[in-house]
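Enquirer: model this:
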Amino acid sequence: AELQQDLADMQQESAHINNGAVFGREMLAQFFIPFFFVVVAIAVFCADFSAGTYRNTLSYESNRAKVYLGKLLLSVVLCLGLVLAVLLFSWLVGSIAFGFGGFSAAYFADIGTVLLLQLPIMLGFVAVCHCLVAFTKKSSATIAIFLVGYIGLAIVLQVLPGMISGLDWMALLDPQSSGKLMAMYSEVSAGNIVFVAAYHMVIAVVATILGLLHYRKADMP
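Expert: Below you'll find the predicted structure:
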């Protein structure tokens, strides 16, 4: 019975999807890809620690700030490439399943706006992941802290507004909720958009500074 209800809910939610363009837009609005950014950060930054090749990197480039910021920039580029790749794949799958159509200049302008508004949140994800790697130097610890920390944060941000009135704004602090909100930018107030963008940019900057300072001063094993 539960399975049948889930299938019915899925059919109802997808009833308005009538072409590949709409399907791609829906996938972008779900904002689930940033959770895989930790894998990219580990592949780019933590691989040196796992393989013990960080000594070679630091002997070639003694300026640790350059190393950290260079790898951070590479992760950002790869993560944005991942988002675009998933979007292209969604268009392909959606066009096969629902039919080709819906693509226009206005549509691509809308997609570009959503990506631009979601960008500060994505940068926050990448910066936090690199900061965790700088402190832990281990992929397993980075993944564990990232998952436990995010789950804990999500629980707090969902429970507190229900327990204390006037805290509805705390939903804006949740990255995934914020990402979905940005996809509905036409229905969101300008104040909330600015708040979400500024908040996550602060997270990105603070995480970058903390990770960079620790990486520059930490003793390498």
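Enquirer: Helix, strand, or coil at G101?
Expert: coil (DSSP: H, G, I helix; E, B strand; the rest coil).
Enquirer: Enumerate every residue touching the nearest residue to it once chain neighbours are set aside.
Expert: For G101, ignoring the flanking residues on the chain, the nearest one in space by CB to CB, 6 or more residues apart in numbering is N19 at 4.0 Å. For every residue, glycine as well, the C-beta is placed using N, CA and C. N19 is in contact with 94-95, 98-102, counting by CB atoms under 8 Å, 6 or more residues apart in numbering.
Enquirer: could you redo the last one with a cut-off of 7 Å?
Expert: N19 is in contact with 94, 98-102, counting by CB atoms under 7 Å, 6 or more residues apart in numbering.
Enquirer: out of those, which is most surrounded?
Expert: Using other CB atoms under 10 Å as the neighbour test, the contacts of N19 are led by G94, with 24 neighbours.
Enquirer: List the contacts of that one.
Expert: Contacts for G94 (CB under 7 Å, 6+ apart) come out as 19-20, 23-24.
Enquirer: let's see it at 10 Å
Expert: 17-27, 100-102 (CB atoms under 10 Å, 6 or more residues apart in numbering).
Enquirer: Mind putting those residues into a markdown table with distance to S139?
Expert: Formatted as a markdown table, these follow (distance: CB to CB, whole Å):
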| residue | distance to S139 |
| --- | --- |
| I17 | 37 |
| N18 | 42 |
| N19 | 40 |
| G20 | 36 |
| A21 | 37 |
| V22 | 37 |
| F23 | 33 |
| G24 | 31 |
| R25 | 34 |
| E26 | 32 |
| M27 | 27 |
| F100 | 41 |
| G101 | 43 |
| G102 | 40 |
